[in-house]
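Engineer: Everything below, folded, please.
(chains A and B)
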Amino acid sequence: MTIAAIRAAFPVLSRAGFHYLDNAAMAQCPGTVVKAVAAHDLTARANVHRGLHELARRADEAYDGARERVAAFLSAGADEVVFTGGCTLALNIVALALEERMQAGDRIVVSAAEHHSNLLPWLAMARRKGLDVAVIPVNRDGRLDLSDLSMIDRRCKVVAVTHASNVTGAVTDIPRLAGAAHAVGAVLAVDGAQRLPHGPVDPRELGADFYAFAGHKTYGPTGIGVLWGRREALETLPPALWGGGMVAGLDGDVPIPLDPPARFEAGTPPVAQAVGLARALDWMAGLDWPAVRAHEAALTRRLLDGLAGRDGIRLVGPADLADRLPVVSFAVEGCHPHDLSHLLAERGVAVRGGAHCARPLMSALGLDEGCVRASLAPYNDETDVDALLSGLDHAIGVLR
Amino acid sequence: MSDDLYQQAIKDLAARESSRLDPADVSVTLDNPLCGDRIVVDARLSGGKVEAVGHAAKGCLLCKAAAAVMADNAAGRDAQGAAELLDGARAMLKQGAEPPLPALAPFLTARPHKSRHDCILLPFKALAKATSP
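Structural biologist: Down below sits the predicted model:
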């Protein structure tokens, strides 16, 4: 499939002069996904695992089928896939469910590159339970510094890291951290929100115990995320949220949780969104990923070279293409990221400026005012990168 | 177009030097989480009115420019006067009202850019908070 054919699947990208480079915040949605969601709601809208009527049966089939397709994308079992309201909720569920086993003085290890969604839930738990929080630092290029993992010691019960930074695009060596975590009996929770939109992942093979991602970043609907849990890990966790659809019954006033994944899906789940997410992952599965990755790498190189050739621009993140996503952040001397983003938007170039919900990383990299981020997807092409570079020249000219 | 938003008058205001006030009777720090703007306003008060004001603005060009206007027009204002200034700036941006101060006229071009209103209002919110009893 050519890049032009990929691009054609996204109606919004047909707008002349429009260059969408904010995919790390939210990817665009193929028309087939939007149609699948609408078709579900028009023909099979009912609650799931509750009713016996025709629409309920259709909804059950659609929802359970979506779970199987998501599982296939992750090379996992369907019972290892929990549908949630988003990646943030998925990570909060892991934290809440693990809290019961945490004792004062236990340690949680996070990295300095975490998005707040994989940081704040752990910090909140640490405050509630009197836990120690240790941070894996980053190097100057934003990659995690894994040279000293002594912090992952016997006190450590959880290692929570991102698979790839939403700011630098740097990909984390998950197998190495999995080895360190499991050697001391800790569990490894991975935020896959940024990595998964760039190709299938096998979280079990990576060594993760929990792996979370979001629908809206994987070309799917908003309001849906996935928590994958290693079967053995999920089975040992208590529910994090309580409500309808997740208990077998009550023993007096004691709820009897169902087995995973239902145990973690209290209340009415995002049914139509699950159908849409499955369709989005089907679309992803149909791509030639080696070719797409080569295309993304070429665009990243073009963007990095273009930025490096301009005065007063500081690249944030790795300058090389090894183990990095097509996410490129930068700061411009004398120009605030918000002003740059505003002026780029006026030229039809959609990027994100700010701290990117990653305040600790901004501090670690000395970016008090944040940075501008351009994040690419398979449907981006050279015209998008060139529009960004020329728009940047214009914006800098206006602001200086 | 936003090129008009970043007119020379706005850039000149944003480029002005600013400094904190020490000692101050009150210091207020406010953040704009959208873009990371942070304003600190220090005020020395006499009888509830601003006698002197200092500030430090870390943020976008619009926020810094608005902070300069706020600093120029804070002296003599009490809580009501600061609230009126904030309300006037808000009405100018959101309801098409006339600028409450001539110095705010350059910001009229920001009206269509709703996401930037908070950048401009942040210094005035800080002043209102600093003077509130």
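
Engineer: ranges for the strands of chain B?
Structural biologist: Taking DSSP state E as the test, the strands found in chain B are B:26-32, B:37-46, B:49-58.

Engineer: among those, which is the most enclosed?
Structural biologist: Ranked by mean neighbour count under mean count of other Cβ atoms under 10 Å in any protein chain shown, the strands of chain B are led by strand B:37-46, which reaches a mean of 22. No exception for glycine: its C-beta is placed from N, CA and C like everyone else's.

Engineer: Of all the strands of chain B, which one is nearest chain A?
Structural biologist: strand B:49-58 (6.6 Å; Cβ to the nearest Cβ).

Engineer: quick one: is that closest one near chain A?
Structural biologist: Yes. Contact between strand B:49-58 and chain A is present through residue B:58 (criterion: Cβ under 8 Å from any Cβ of the partner chain).

Engineer: Alpha carbons of that strand, as CSV, please.
Structural biologist: Only the C-alpha atoms of strand B:49-58 are listed here, as CSV (Å, rounded to 0.1, in the frame of the first residue of the first chain):
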residue,chain,number,x,y,z
LYS,B,49,-4.9,50.0,47.3
VAL,B,50,-1.9,49.1,45.3
GLU,B,51,1.0,51.4,46.1
ALA,B,52,3.6,49.5,44.1
VAL,B,53,3.7,46.4,42.0
GLY,B,54,6.3,44.1,40.6
HIS,B,55,6.1,41.0,38.5
ALA,B,56,7.8,38.2,36.7
ALA,B,57,6.2,36.5,33.8
LYS,B,58,7.4,33.3,32.3
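
Engineer: Show me what that strand is packed up against.
Structural biologist: Secondary-structure packing of strand B:49-58 (3 or more Cβ pairs under 8 Å, 6 or more residues apart in numbering or on different chains; DSSP states H and E): strand B:37-46, helix B:61-72, helix B:117-131.

Engineer: still on that earlier bit, output the strands of chain B as TSV; include the columns distance to residue A:200 and mean pLDDT.
Structural biologist: Shown next, in TSV, are the strands of chain B (distance: least, Cβ to Cβ, whole Å; pLDDT from 0 to 100):
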stretch	distance to residue A:200	mean pLDDT
strand B:26-32	39	95
strand B:37-46	40	95
strand B:49-58	42	96
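
Engineer: List the buried residues of stretch A:316-333.
Structural biologist: Going by neighbour count (16 or more other Cβ atoms under 10 Å in any protein chain shown), the buried part of stretch A:316-333 is A:316-318, A:321, A:324-332.

Engineer: again with stretch A:71-84
Structural biologist: Using 16+ other Cβ under 10 Å as the test for burial, stretch A:71-84 gives A:71-74, A:76-77, A:79-84.

Engineer: rewinding a little: turn the helices and strands packed on strand B:49-58 into TSV, including distance to chain A.
Structural biologist: What follows is these, written out as TSV (distance: least, Cβ to the nearest Cβ, whole Å):
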stretch	distance to chain A
strand B:37-46	8
helix B:61-72	5
helix B:117-131	7
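
Engineer: would you turn these into TSV with distance to residue B:26?
Structural biologist: Formatted as TSV, the helices and strands packed on strand B:49-58 follow (distance: least, Cβ to Cβ, whole Å):
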stretch	distance to residue B:26
strand B:37-46	5
helix B:61-72	15
helix B:117-131	5
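
Engineer: Just tell me which of those ends up closest to residue A:340.
Structural biologist: For the helices and strands packed on strand B:49-58, the distance to residue A:340 is smallest for helix B:61-72, at 10.0 Å, taking Cβ to Cβ.

Engineer: Give me the contact list for that closest one.
Structural biologist: With Cβ atoms under 8 Å, 6 or more residues apart in numbering or on different chains as the contact definition, helix B:61-72 has outside contacts at A:336, A:339, A:399, B:5-6, B:10-11, B:13-14, B:16, B:18, B:32, B:35, B:37, B:39, B:41, B:53-55, B:57, B:85, B:89, B:101, B:103-104, B:106-107, B:110, B:116, B:119-124, B:126-127.

Engineer: How far away from the center of its chain is it?
Structural biologist: 5 Å (Cα atoms, centre = their mean, to the nearest Å).

Engineer: mean confidence score for that helix?
Structural biologist: Mean per-residue pLDDT for helix B:61-72: 97.

Engineer: about what we covered before: out of the buried residues of stretch A:71-84, which is nearest to chain B?
Structural biologist: residue A:84 (24.1 Å).

Engineer: circling back: so which of the strands of chain B gets nearest residue A:116?
Structural biologist: Taking Cβ to Cβ as the criterion, strand B:26-32 is the member of the strands of chain B that comes nearest to residue A:116, at 14.6 Å.

Engineer: packing partners for the closest one?
Structural biologist: strand B:37-46, helix B:117-131.

Engineer: Which of those sits closest to residue A:265?
Structural biologist: Judging these by Cβ to Cβ, what sits closest to residue A:265 is helix B:117-131, at 37.1 Å.

Engineer: Count the neighbours of the closest residue to chain B within chain A for me.
Structural biologist: At 3.8 Å from chain B, residue A:338 is the closest residue in chain A, using Cβ to the nearest Cβ. The local packing of residue A:338 (other Cβ atoms under 10 Å in any protein chain shown) involves 27 other residues.
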